[in-house]
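A.B. asks: Compute the structure for the input listed below.
(chains A and B)
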2 protein chains.
Amino acid sequence: MSTSAMRDYLDGPHKAARDVVRAGLGAHADLGDLAVRLPRDEYRDRILDLLLQSAKDGLPARGYPKEYGGEADLGGFIAAFETLAFGDLSLMVKAGVQFGLFAGAIQHLGTEKHHERYLADAISGRLLGCFAMTETGHGSNVQALGTTATYDEATGEFVVHTPSAAARKDYIGNAARHGRMAAVFAQLIVGGESHGVHCLLVPIRGADGAALPGVTLSDCGPKLGLNGVDNGRIVFDQVRVPRDALLDRYAQVDADGNYSSAIENPDRRFFTMLGTLVQGRVSVGGAAINASKVALTIAIRYGAQRRQFGAPGSSEEAILLDYRMHQRRLLPLLARTYALHFAQAELVEEFARVFDDDEGEHDRRALEAQAAGTKALGTWHATETIQMCREACGGAGYLAENRLAALKADTDVFTTFEGDNTVLLQLVAKGLLTDYRESFGKLDPLGTARFVAAQAVEIAVEKAALRPLIERLRDVVPNRSDAADPDGGLRDDAYHSGLLRFREQHMLSGVARRLKGGIDAGDDPFDVFNRCQDHVIAAGRAHVDRIVLEAFQTAVRNAPEEIRPRLQDVYDLHALATIEAERAWYLEHGRLSPGRSKAITALVNELCAVVRPAAVELVDAFGVPGSATEVPMVVPSQHE
Amino acid sequence: MSTSAMRDYLDGPHKAARDVVRAGLGAHADLGDLAVRLPRDEYRDRILDLLLQSAKDGLPARGYPKEYGGEADLGGFIAAFETLAFGDLSLMVKAGVQFGLFAGAIQHLGTEKHHERYLADAISGRLLGCFAMTETGHGSNVQALGTTATYDEATGEFVVHTPSAAARKDYIGNAARHGRMAAVFAQLIVGGESHGVHCLLVPIRGADGAALPGVTLSDCGPKLGLNGVDNGRIVFDQVRVPRDALLDRYAQVDADGNYSSAIENPDRRFFTMLGTLVQGRVSVGGAAINASKVALTIAIRYGAQRRQFGAPGSSEEAILLDYRMHQRRLLPLLARTYALHFAQAELVEEFARVFDDDEGEHDRRALEAQAAGTKALGTWHATETIQMCREACGGAGYLAENRLAALKADTDVFTTFEGDNTVLLQLVAKGLLTDYRESFGKLDPLGTARFVAAQAVEIAVEKAALRPLIERLRDVVPNRSDAADPDGGLRDDAYHSGLLRFREQHMLSGVARRLKGGIDAGDDPFDVFNRCQDHVIAAGRAHVDRIVLEAFQTAVRNAPEEIRPRLQDVYDLHALATIEAERAWYLEHGRLSPGRSKAITALVNELCAVVRPAAVELVDAFGVPGSATEVPMVVPSQHE
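C.D. replies: Numbers count the residues shown, from 1 in each chain, chains lettered A, B, ... in the order given. Predicted structure coming up:
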C-alpha cells in the first residue's frame, strides 16, 4: 500500500482546500498547548487573531457567493473547516460560530439587503457576530424559546426582549468578548399575534467593545474545554432594532405591521428556517471524525513503538500494538474512523449539491436527517476513540503536551451541541417512519405518535420489505471447508449490508407497530411515545450504521487498485466489528446462530492481526500535520 | 424509604470517619473551582495547605500504629480517604501519595529504625515524600525498572543511579515542587549480583527546597487534570545514601555486603514487596466510586428538575428524568454505583482484616486480586458514569462551575494509574486459574502459559464445576401467567448469581483449555498467551462482576427492613442490567433463549421506572457535601 495514494483517496475532491488548512496549521507550531500556556483572555484573543488570519487565507470565502468575495465552493468550505480540527479546536469552533452560523444565518435567512450590508464583513471577520439561539431554559426545544421580538407599528421597530431568567441567551460563542452583533432567534409578535421563532440581527456591542444600552453581556466562565472560545450570555431589556433587522427570506413584516410568509404552515416555516443548522451539524460531525484521526495517530504511533512485558529471557519486551488486547482496543476504532470518513465525504457532497441547487424540500429533509445521524455517530465515536487512545497511552496520554488531554476536553461538548445526539437520532428515526409530510414536521413526541397512528404505519411496514432480505441472510456453517470462501461468507459485502438492512427495517417497523398499537389502545400519546423512546433511538442509530457501512462499501469499490486490497481489509474489520457489537440483537432475532456469532468474534480478532502491520501507514494517510515527525510523544524504549 | 436510614447503611461501620472528612470539605466552600481559579503553582500550594490541614484533622493518623501517633484503624482510614473524593481530587491524590504510598512504603517495607526516624513526620506532613516507582520506560512492568542501587562495600553506602533516559522516574507525585525525600524502587546490586527491585529512601531536596547534589528534578507540566498535584521527574547521578536507607523488612544487606532475605524466591520476594500497592488500589477504586456518586448527584438532581419538550398543548414541558431514554442512561449507572459501593465496603473490611492480622500469604494474594478487580471496574465505571452525566446535563454540564468538568478530567487517569486496568484484570484471571504457587508468581505472559500447561489445567477445569450450576439456570418462559412470580423468575437472586457464576467458570475453563492446547501443540508460549489475551481479560472481568453482584445481594439481605425493599429494586436493576449487557454471551452459550433475553431488556426498562421516583433520595443518601442545597447547577424552568 502506498500511504500517499491512500491519503489522496481520503482527501478526495477537496484535497487542495484541506492542504491549505494543513499548511496554515503547520505554520503555527505553538498551537498545541495554547490552552495550558495562556491565561484565558489571552488565549481567546490569540484564537481571534488566528480566526482573522484564516479569513485572510480565504477559508470562509470558499463557502460564500462570488458577489461577496467568495468562491461558491461549499464542499471545499466544509472540507477546509473540518481540517481545522487537526489543530486547536477552539479555532475550529470559533470559526464555526463566525463563518458558519453567524454569516450563514445572514446568507440563508436574510435577503439581498442583508447580504449587501453584512456578508462581506462577516466573512472577512470585520463584523464579529454571534448565533444567539440557545437559552438557559431551552437548548434542544428551540420552538419553545422565550425571547420575544415585538413589532411596534408606531415606530416601525422590533422590540427585542428577555422576559424571564430562563429566556436568557446562553453558551453563545463570541458573546463574552468579541461579538458586535447577534443573529437572535426570538418569538416574533406582530399585532399581538405570535408567529413563532424568527431571526433578527441585533447589535450588542459598540465600537469601544462595551455592551450597547439595554444589552447585558456576561461570561459563561471557564469550561471543560474550548476555553479559546468566549461563550457568554445575553439579556435584552426592550432593545429596539429597525424593521429590516428581521432576516426576511421566509417571512416578512411590512411597515404597517402585516405579517406574510410564502410558507403557510408555521411548523413547516420553523423547520425551514432551522435548516440553516444543517451546515453546523455537517461541520461538527466532520470535525469530530478528524479529531478522532488525531487521537488515533498519536495512540497508534505510540503503540507501535512502546514496549512493555513480553517473553522473559527475550532481550526485548513486546511492542504494545502486537498484543491482541491493544489491537482490539484501537484497530476497530481505526476502521470505524475510515468508515465515518467516507460517510462524511458523501454527506459533504450531498450538502453541496442540495444547497448549491437550492433543491426541493424533500432533498433538504433527507439531507438534514443524514447530517443529524452522521453528527451523532461521529461525535460519539470521537468521545469513545479519544478516551480509548488516552488509556492506550497510559500516563503519557495524560500529559497536556501530548494533545490527547486537549482533544478530550475540547471535543466533549460535540455530543450535545449543534443538536443533542439523542434528540438527533430521534429526528433520524422520525424521518424514516414516513416520507416528509407537513403534519409530521413537529419535533414533539405527540406529533409523531399521532401521525404515525393515522397515516404512516402501512407505508413503513410496506417499506420494510423484509422478505427478500431474509433470503439473502444465509446462515452458513462457519469455518466450513471451502477453499474459495474460507470465512464462510462472513467477508461478503452483501451479507453485511443484508444484516444491517434487516436490522434497520425490523426495528423501524417494530417501532411503527408499537406506536400504532398504543394509540389504537387509547393510551396517552406522550406515554406511548415515551415507552418506545429507546427503541426509536436505536432504530435511528441502526439506520445510520447501515448508511455508514454502505458508504465504506462504495469507497472500496471506487478505490484505485493500488490501495483497494488494504481498504477492503479495513472495511471487513469495520463491518464485522459493527455486527459483533450488535450480535445480541441478531441472536435474539434469529439472524445469527450461536456458532456463527462466535465465528464473527474470532474473525474480528484475525482481521485485527491482518490490519496491524499497516496500522501506522493507515494513520499517516490521514495527513495530520506534524504527525509523521512531530507528534510530541515521549517514547523511549527500555534501552535508551 | 428514609434517606437518612439509607445513608447510615451506606456509611456503615466507618460513618464517623466519613463524616469528619465531609465536615472538612464542607468548611472549604471554595474548593470547587480551585483548578480554574488559581495559577498552577498556587493551586499546588493550596492543595499542600489542605493536605497539612487534613493531617492536623487526623486523617492519616487513623491508618497508622498508635506508637507513631496513629489510631490503627485501617478501615476507617480508607473510608476517610475515599470520602476525600467528594471534594477536590488533587487533594485526594496528593494525600494518597503522601499518607498512602510514601508513608505506607516506610511502614510496610521498612523496619523499626525507619518507623522511629520517619513515620511520625510522614503522617504529620512534616516530611513530604514521593513514591518513586514508575519510570518513563516502565509503568506496568515494574520488575524491569532500570534504576540501580549498587552497594559500595568500601564506604558502606548504596549508589543510586539512573542509567538511561528510559530509567528516569516519571509522573512522580510530590516530585516537581514539594517532596523532600523519595521512596525509590531500584534494582539492588550487591557484590556485582542483582537481587531485583528493592526500595530505598533517598533525600531529593534540601531544606531550602533546591534539589540535592546529583539529583535532577523537573516538572511533568500541565496535565489533563489533577493539576493540584506536582507530578515530576527524578534523575539520579550516582547519588550516595547510607546502608540503612534500604527499607529492609524483606531483605537485608549487612556491612560486609552480604545480601539475605527470608524469602528465597526472587519473584515471590518482589511480589511480596509489591503488596504495598494494594492499599493504593483499594483507595483509588473507592475514590472512583465516590467520584461517580458526585456526578450522579449532580446529573440526577438536574434531570429531576430540568424540563424539555413534552406533550404540546400542555402548559409544562416534560421532566428529563421522566423520559425513558434519560432513565436508561442514568439509572442503571446509579444501580451499579450502589453495587460497587457495597463491593468496595467488603474489600475495605477484608483489607483491614488481612493487614491488621498480618495473615498468611494466601489471604494477601486473594486480597490483591480482589483489590485489583474492584479498582479496574470501579475506575472504568467512573469514566463511563461521569461522561454520561456530563452529556445528560448538556451545555450546563460543560461549564467548569458545575464540577463535572473537573471530575471528568481528574478521574480520567484512574483507569491507568495504580495499575493499568487491563493489566490488573489479567492479574485477577491468573489468580483464578490456580491457587497461588511460587512458580506462577511472575506477571509475565510466558510464566502463566507454562505453568498452566504444566500444572493447573486440571484444577481449573475441576473447580469450574459447571454441572450443578447449569441445573439451576432454568430457562422458563418469560411473561408466563404465574401470579406469584410475574417476572418468570427473572428477579430471583439465585438465578442472577447462577448466570454470573456459570459465565465466570465457563470462561475460566475455556481459557485454561486454550492455553494448555496451545502449549501442547508446541506453539510459542507468548503467542499462545497473546491469542487468548482478550479471553483472559474477559474472564477476569466476569469474575469481578460476580463478586460485585454477590456483595450487593449480601448488602440487601443485611439491610434494615425500612430500606430493604427499595434496595432490592436497585439491586434487581443492577443485576438485570449486568446480565443484559452480556446477553450476547448468554445467547451464544445457550443460557438465554431469545425470548427470555428480550424479556430481560423489557424488565430493565420497567425497573428504571420503578426506581425513578426514588432517584433523588438515592443520590442524596450518598451524602455528598453540599449536594442537598448547594450543587451549583443552574436549573431555571421555562417559566422562571
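
A.B. asks: which SS state does the spatially closest residue to A:A542 that is not a sequence neighbour fall under?
C.D. replies: Spatial nearest neighbour of A:A542, excluding adjacent residues (Cβ to Cβ, 6 or more residues apart in numbering or on different chains): A:E504 at 4.4 Å. No exception for glycine: its C-beta is placed from N, CA and C like everyone else's. What DSSP: H, G, I helix; E, B strand; the rest coil gives for A:E504 is helix.

A.B. asks: what about A:E504, how many neighbours?
C.D. replies: 22 (other Cβ atoms under 10 Å in any protein chain shown).

A.B. asks: One more: A:V97?
C.D. replies: Using other Cβ under 10 Å, A:V97 is surrounded by 25 other residues.

A.B. asks: quick one: it from B:E346, how far?
C.D. replies: Remark: distance between A:V97 and B:E346 (Cβ to Cβ, to the nearest Å) = 51 Å.

A.B. asks: still on that earlier bit, could you check how far the residue nearest to A:A542 is from chain B?
C.D. replies: Applying Cβ to the nearest Cβ, to the nearest Å, the value for A:E504 to chain B is 18 Å.

A.B. asks: Please report phi then psi for A:I319.
C.D. replies: When read as degrees, to the nearest 10, the backbone of A:I319 gives phi -70, psi 130.

A.B. asks: contacting residues for it?
C.D. replies: By Cβ atoms under 8 Å, 6 or more residues apart in numbering or on different chains, the contact set of A:I319 is A:G303, A:A304, A:Q305, A:R306, A:R307.

A.B. asks: can you tell me the helix or strand for A:L201?
C.D. replies: Using DSSP states H and E, the element containing A:L201 is strand A:193-203.

A.B. asks: what's the average pLDDT for that strand?
C.D. replies: Across strand A:193-203, pLDDT averages out at 97.

A.B. asks: quick one: A:D73 and A:G63 touch, right?
C.D. replies: Yes: if you go by Cβ atoms under 8 Å, A:D73 and A:G63 touch, sitting 7.1 Å apart.

A.B. asks: Of those two, which one has the most company?
C.D. replies: A count of neighbours by other Cβ under 10 Å puts A:G63 above the other of A:D73 and A:G63, at 27 against 20.

A.B. asks: where does the more buried one land on pLDDT?
C.D. replies: So, for A:G63, pLDDT stands at 90.

A.B. asks: Could you list the contact residues of the stretch 251-400 of chain A toward chain B?
C.D. replies: Taking Cβ under 8 Å from any Cβ of the partner chain as the contact definition, the stretch 251-400 of chain A meets chain B at A:308-313, A:317-318, A:322-325, A:328, A:383, A:387, A:390-391, A:394-395, A:397-400.

A.B. asks: and with 7 Å instead?
C.D. replies: A:308-312, A:317, A:323-325, A:328, A:383, A:387, A:390-391, A:394-395, A:398-400 (Cβ under 7 Å from any Cβ of the partner chain).

A.B. asks: residues contacting the closest residue to chain B within the stretch 101-250 of chain A?
C.D. replies: In the stretch 101-250 of chain A, no residue comes nearer to chain B than A:L224, which is 3.5 Å away by Cβ to the nearest Cβ. Neighbour list for A:L224: A:A409, A:D412, B:Y398, B:A400, B:A405, B:K408 [criterion: Cβ atoms under 7 Å, 6 or more residues apart in numbering or on different chains].

A.B. asks: try A:G286
C.D. replies: The contact partners of A:G286, by Cβ under 7 Å, 6+ apart, come to A:I78, A:E82, A:Q344, A:V348.

A.B. asks: 10 Å instead?
C.D. replies: Going by Cβ atoms under 10 Å, 6 or more residues apart in numbering or on different chains, A:G286 touches A:78-79, A:81-85, A:92, A:340-341, A:344-345, A:347-348, A:374-375, A:378.

A.B. asks: ditto for A:G191
C.D. replies: Taking Cβ under 10 Å, 6+ apart, one finds A:T150, A:Y151, A:E153, A:V253, A:D256, A:G257, A:N258, A:Y259 in contact with A:G191.

A.B. asks: need those in CSV with distance to B:T422 and secondary structure, can you?
C.D. replies: Formatted as CSV, the contacts of A:G191 follow (distance: Cβ to Cβ, whole Å; DSSP: H, G, I helix; E, B strand; the rest coil):
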residue, distance to B:T422, secondary structure
A:T150, 61, strand
A:Y151, 63, strand
A:E153, 70, coil
A:V253, 63, strand
A:D256, 72, coil
A:G257, 68, coil
A:N258, 68, coil
A:Y259, 63, strand
